[in-house]
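Peer 1: using only what follows, build the 3D model:
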Amino acid sequence: ATSWVEAKIDRRSMLTNKDRVADVRDAMWQLEKEGEILVHRLDERHEPVVARTLYGWEKRIPTTNLWHHKSCGQCGNIPGYPSSVMWLMNKLGTRYIDETDQTSCTAWNYHGSGIGNVVSLAAVFLRNFHQAYVSAKAHGLPIGTYYPLVHCGTSFGNYKEMRIFLMHSAELREQVKKILGKLGRLVDGKLLIPEEVVHYSEWLHMMRDRIKQHQVIDVSNIRATIHPACHVYKMVPEDVIYDDTVMDGNRVAVSTGLMQTLGAQVIDYSTWYDCCGFGFRHIVGEREFTRSFAIDRKIKVAVEEAKADVMVGHDTGCITTLDKSQWIGKAVDKVYALPILADCQFAALALGAHPYKLAQLHWHASPFEGLLEKLGIDWQKAKIEFEQYLDEVKAGRIETLYDPKRAITSGPGYVKPKAVAALLGAAE
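Peer 2: Numbering: from 1, shown residues only. Sure, this is the predicted structure:
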């Protein structure tokens with residue numbers, strides 16, 4: 001993890017300084033051909049669009065019928081992150097399922113503390129993606145209707161690594177198969193492997209032109225810096241989107257492409273490639289390193305060098321680290337106040353989402369009021385509206401982005417769709 005802190009990963013460096021790697025999907029298709037695994041394919045139900053990755057390989061990104069693989073860190077610390085993603089999907093009419101039957105990927109536990117092992121990580125990966133595969137049954141739809149969309153960058157990188165390990169290790173496949181067999185998580189006795197592992201930022205990138213059509217706020221006066229997440233583009237770098245229309249196709253395209261499409265000024269800065277400071281175990285064992293690195297190598301540079309109005313990212317740990325570390329600078333007279341937002345939050349604001357009720361910026365530790373003023377958003381008025389909304393919530397009048405009944409697909413509280421209930425009744 002330490003070597004990643006200053007690692008420089010882009011198309012030019014990977015093509016000139018590294019040995020070219022094999023596409024793990026070649027091994028995946030061969031294993032399916034041999035009858036050892038089953039691949040959860042993208043099909044017309046998911047309306048996939050083709051992106052290009054670092055080496056020019058095709059990567060298909062589903063655009064609808066998505067299964068939200070939410071992030072424990074986002075839901076617990078940055079709730080405006082997942083709410084912005086789902087609000088954008090509602091705005092675009094994207095079909096999805098946001099159910100309760102998923103687990104944490106456990107990657108942070110493993111990388112952050114050393115507890116856990118590859119077998120458990122791989123088993124959790126395939127358990128969650130199997131649930132995505134079968135979840136449609138609860139709504140009376142065919143299996144495979146919904147395709148997993150991973151919210152967290154750490155989960156995204158971890159799952160891609162686990163897919164590689166599984167494809168190249170018969171021993172690991174056998175160990176995981178025994179576990180999932182006991183859980184009833186095999187398909188016809190086989191491991192279910194996803195055709196693609198997809199991050200929400202990749203969905204945003206491929207949908208950015210459609211998102212632009214709903215924009216109501218001019219962001220052309222905003223100077224934005226991008227923080228690319230190590231877990232997204234340094235872990236399994238060959239499986240990340242590179243786009244010739246973004247940064248000349250040399251750097252990872254997600255977030256930057258969205259911000260450019262919305263019309264913001266994306267400003268480069270000298271420490272663009274650096275880690276946010278989170279660095280997996282650094283946040284646990286070397287917290288002061290994390291805070292110092294976040295301030296000195298990212299936030300200070302963005303403020304002084306790029307004159308940034310905001311820093312935009314696409315990962316749970318990065319947003320948390322860059323946002324929650326700024327207060328400590330006051331102790332040593334290093335006050336570099338910079339709003340830190342996820343790309344989906346910024347996009348939601350540009351489309352008219354409420355800054356408190358929906359984007360939930362009040363959960364952030366970094367000051368955001370100046371950014372809202374520059375966007376022409378009256379944050380004081382919005383805050384009053386939000387406080388009034390809280391009174392409504394206290395009175396039991398609650399609004400939701402998603403029908404909570406559809407979120408329960410098994411266990412207590414689950415109600416079978418009429419078509420499914422009738423079918424089961426006839427069978428009994």
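Peer 1: and the most centrally placed residue in the chain, its phi and psi?
Peer 2: Per Cα atoms, centre = their mean, the C-alpha nearest to the average position across the chain is that of H151, at 2.7 Å. As for H151, its main-chain torsions (degrees, to the nearest 10) stand at phi -80, psi -40.
Peer 1: wait, doesn't it sit right on Q74?
Peer 2: Yes: applying Cβ atoms under 8 Å, one finds H151 in contact with Q74, separated by 5.9 Å. C-beta here means a position set from N, CA and C on the backbone, and glycine is covered the same way.
Peer 1: overlap in contacts, the two.
Peer 2: Common neighbours of H151 and Q74, using Cβ atoms under 8 Å, 6 or more residues apart in numbering, are 81-82, 316.
Peer 1: top of these by number of neighbours, please.
Peer 2: Tallying neighbours with other Cβ atoms under 10 Å puts Y81 at the head of the shared contacts of H151 and Q74, with 29 neighbours.
Peer 1: ok, it - contacts?
Peer 2: Y81 is in contact with 71, 74, 151, 316, 319, 342, 344-345, counting by Cβ under 8 Å, 6+ apart.
Peer 1: and it, how far from C318?
Peer 2: 11 Å (Cβ to Cβ, to the nearest Å).
Peer 1: OK, contacts around I97?
Peer 2: 66-68, 135-136, 139, 146, 406, 409.
Peer 1: most surrounded residue in the residues you listed?
Peer 2: Y146 (27 neighbours).
Peer 1: what about L54, neighbour count?
Peer 2: 22.
Peer 1: if I pick it, what's in contact with it?
Peer 2: Counted by Cβ under 8 Å, 6+ apart, L54 has contacts 11, 14, 237-240, 242.
Peer 1: closest to N221 among those?
Peer 2: Checking the contacts of L54 against N221 by Cβ to Cβ gives Y242 as the nearest, at 28.4 Å.
Peer 1: look up the closest residue to C318, ignoring the ones flanking it.
Peer 2: Distances taken as Cβ to Cβ, 6 or more residues apart in numbering place C276 nearest to C318, at 4.3 Å, with adjacent residues excluded.
Peer 1: do D343 as well
Peer 2: Closest residue in space to D343, ignoring its immediate chain neighbours: S255 at 4.4 Å, by Cβ to Cβ, 6+ apart.
Peer 1: check that neighbour and give its pLDDT.
Peer 2: pLDDT for S255: 98.
Peer 1: what's the answer for S113, then?
Peer 2: At S113, pLDDT is 63.
Peer 1: what of the one 4 residues further on?
Peer 2: What the model reports as pLDDT for N117 is 88.
Peer 1: contacting residues for P355?
Peer 2: 349, 361, 368, 372, 377, 379, 382.
Peer 1: name the helices or strands packed onto the helix or strand harbouring the fourth one?
Peer 2: It refers to L372. In the assignment (DSSP states H and E), L372 maps to helix 369-374. With contacts taken as 3 or more Cβ pairs under 8 Å, 6 or more residues apart in numbering; DSSP states H and E, helix 369-374 sits against helix 379-394.
Peer 1: show me the contact partners of the helix it packs on.
Peer 2: Residues outside helix 379-394 that contact it (Cβ under 8 Å, 6+ apart) are 354-357, 362, 368-369, 372-373, 398.
Peer 1: buried subset of the residues you listed as a ChimeraX selection?
Peer 2: Selection of buried members from these for ChimeraX, criterion 16 or more other Cβ atoms under 10 Å:
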select :354,355,356,357,368,372
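Peer 1: may I see the contacts of helix 379-394 organised as CSV, with distance to L180 and pLDDT added?
Peer 2: Shown next, in CSV, are the contacts of helix 379-394 (distance: Cβ to Cβ, whole Å; pLDDT from 0 to 100):
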residue, distance to L180, pLDDT
H354, 42, 98
P355, 43, 98
Y356, 42, 97
K357, 40, 96
H362, 41, 95
F368, 43, 96
E369, 49, 97
L372, 47, 98
E373, 52, 98
I398, 37, 90
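Peer 1: go through the helix or strand encompassing K178 and flag the buried ones.
Peer 2: Applying DSSP H and E as the criterion places K178 in helix 170-183. Buried residues in helix 170-183, counted by 16+ other Cβ under 10 Å: 172-173, 175-177, 179-180.
Peer 1: any chance of these in JSON lines, plus pLDDT and distance to N221?
Peer 2: Converted to JSON lines, those look like this (pLDDT from 0 to 100; distance: Cβ to Cβ, whole Å):
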{"residue": "L172", "pLDDT": "98", "distance to N221": "52"}
{"residue": "R173", "pLDDT": "98", "distance to N221": "53"}
{"residue": "Q175", "pLDDT": "98", "distance to N221": "55"}
{"residue": "V176", "pLDDT": "98", "distance to N221": "51"}
{"residue": "K177", "pLDDT": "98", "distance to N221": "56"}
{"residue": "I179", "pLDDT": "97", "distance to N221": "54"}
{"residue": "L180", "pLDDT": "97", "distance to N221": "52"}
